[in-house]
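Colleague: Quick one, structure for this:
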Amino acid sequence: MQFEGSAGGGIVPWAVIAGYGSDTEIGGAAYYTALGVNDFSLWSAGAAVGFYNRVEVSLARQHLDVLPLGLDIEQDVVGLKARLFGDLIYGAAPQVSAGLQYKRNRDALVPTLLGAADDSGIDYYVSASKLWLGGAFGYNLLTNLTLRHSEANETGFLGFGSSNGDSGEWLVEGSAAMFLNRHWAVGVEYREKPDQLGLGEEHWADAFVAWFPSKRVALVGAYTDLGKVAGLPDQSGWYLSLQLTQ
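Modeller: Have a look, this model is predicted:
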């Protein structure tokens, strides 16, 4: 589960649909994620429901603490994703899905002071995911490529767009995960970010380890590098997420 509520990696949505439901079933997943870097801490909680392995609806609440200022910023994210074609495992084509994330910043004073144009916005994305059986030294390898259009500043915590008229741009995101066995996976992620407010907003990256003690439980830990956030440099630290899947 992604920290914005969609099924995927920690910072990148994938083409997969939440839950274990088949084309005749409804499934879903819930998560709680905590992130700590030098000057910020974040928690995010939410759930997603997958309908017939075709459509996903998600909802997330995010809470950011700006430690140097003693300031809290909250955001709601409502997501919708639809599988267009392809299959994650079978056939030559990857599974391809299109989605959107509607975001509403609940504390818009700081974003407005920094020059953001709006307190809400919509990210649009297309993701392609493929599981390569035995594709990495005999281990199963999952790869994902996402193309996102976004006007969100720091994913929306600093508002959307800018007073200069910036209306977003297309950004590239990617993930790769290697499954060591049925209980362990390791991987990396990368996410481009826009810099509409002139604060030097930088791209994100992480390296993660995922543990699956059972089919329905996952615990994910990661080292995360967020670069410069809100003008504060060198924001790196840890990420931990607990996820339950039905």
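Colleague: what residues are up against the nearest residue to residue 163 once chain neighbours are set aside?
Modeller: Nearest residue to residue 163 in three dimensions, chain neighbours excluded: residue 115, at 4.8 Å (CB to CB, 6 or more residues apart in numbering). C-beta: built from backbone N, CA, C; applies to glycine. With contact set as CB atoms under 8 Å, 6 or more residues apart in numbering, residue 115 has these partners: 162, 163, 164, 197, 198.
Colleague: One more: residue 130?
Modeller: 88, 94, 95, 142, 143, 144.
Colleague: out of those, which is most surrounded?
Modeller: residue 144 (26 neighbours; other CB atoms under 10 Å).
Colleague: hang on, that one in a helix?
Modeller: No. Secondary structure assignment (DSSP: H, G, I helix; E, B strand; the rest coil) places residue 144 in strand, not in a helix.
Colleague: partner strands of the longest strand along the chain, parallel or antiparallel?
Modeller: If you go by DSSP state E, the chain has its longest strand at strand 120-136. Strand 120-136 sits in its sheet next to strand 95-105 (antiparallel), strand 139-150 (antiparallel), going by DSSP bridges.
Colleague: Take those and write them to CSV, including mean pLDDT and distance to residue 46.
Modeller: Shown next, in CSV, are these (pLDDT from 0 to 100; distance: least, CB to CB, whole Å):
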stretch, mean pLDDT, distance to residue 46
strand 95-105, 98, 11
strand 139-150, 98, 18
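Colleague: I'd like the ones you listed as TSV, with distance to residue 156 appended.
Modeller: Output for the strands paired with strand 120-136, formatted as TSV (distance: least, CB to CB, whole Å):
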stretch	distance to residue 156
strand 95-105	4
strand 139-150	9
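Colleague: who's in contact with the nearest residue to residue 49 once chain neighbours are set aside?
Modeller: Residue nearest to residue 49 in three dimensions, not counting chain neighbours: residue 28, with 4.2 Å by CB to CB, 6+ apart. When contacts are counted by CB under 8 Å, 6+ apart, residue 28 touches 18, 19, 21, 47, 48, 49, 50, 245, 246.
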